[in-house]
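> okay, predicted coordinates and the sequence, questions at the end:
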Amino acid sequence: MERKHRLKRASDFKRVRAEGKSLGHPLMALVFAPNGLPYSRVAVVAGRNVGKAVRRNRAKRRLRACVEQLFPYLQSGWDVVVYARPGVVEAPFSVLLEIMSHLLRRSGLWQPLSMQDHVESNHERLPE
């Protein structure tokens, strides 16, 4: 994911947490707030309740992979923080994708791709 699409500053995290809305599932939680920018930014967080460092890192890698696949469907102009919860490491990847897409739909941040956008997003992934 491009650097500009990453949410990194502590002040941004605090703003999203304070002003944003949240949706939850037993495996992950989503907190989102408008950012006033022409693009969206995403962060993935795994606290100590997920486990020790190895489990937290694995949880973040898995959720980042979900975000990368679903990012083209995310509306522009939002900051999103994805919080890992215990059990995310054991869950099948397909289930994580399904849960995240469900949460994005419930939040209203899901934007179906037009056929042109779909062709362009797939074209970017192909090696030249």
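Nice, I can see it. None of these values were measured; they are calculated from a predicted model. Numbers count the residues shown, from 1 in each chain.

> V95 - how many residues pack around it?
Using other CB atoms under 10 Å, V95 has 12 other residues around it. Backbone N, C-alpha and C define where each C-beta goes, glycine included.

> okay, the closest residue to it other than its chain neighbours: pLDDT?
Among residues not flanking V95 along the chain, L27 sits closest, at 7.7 Å (CB to CB, 6 or more residues apart in numbering). You'll see L27 listed with a pLDDT of 96.

> let the chain start at 72 from now.
Yep, numbering from 72; the last one is L98 now.

> list phi and psi for L98.
phi -100, psi -20 (degrees, to the nearest 10).

> who's in contact with it?
155-156, 158-159, 162, 166-167, 170 (CB atoms under 8 Å, 6 or more residues apart in numbering).

> spatially central, which residue of the protein would that be?
V138 (4.2 Å; CA atoms, centre = their mean).

> state the distance from that residue to A89.
22 Å (CB to CB, to the nearest Å).

> likewise G158?
Distance from G158 to A89, by CB to CB: 27 Å.

> between these two, point out the one with more neighbours.
G158 (12 against 9).

> in this structure the more buried one contacts A117, no?
No. With contact defined as CB atoms under 8 Å, G158 does not reach A117; the gap is 11.8 Å.

> isn't L174 up against M99?
Yes. L174 is within contact range of M99, at 7.2 Å (criterion: CB under 8 Å).

> pLDDT weak spots in this protein?
185-199 (pLDDT under 70).

> helices of that one, residue ranges please.
81-90, 124-141, 164-178, 186-196 (DSSP state H).

> adding distance to M72, write those out as TSV.
Formatted as TSV, these follow (distance: least, CB to CB, whole Å):
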stretch	distance to M72
helix 81-90	16
helix 124-141	6
helix 164-178	14
helix 186-196	12
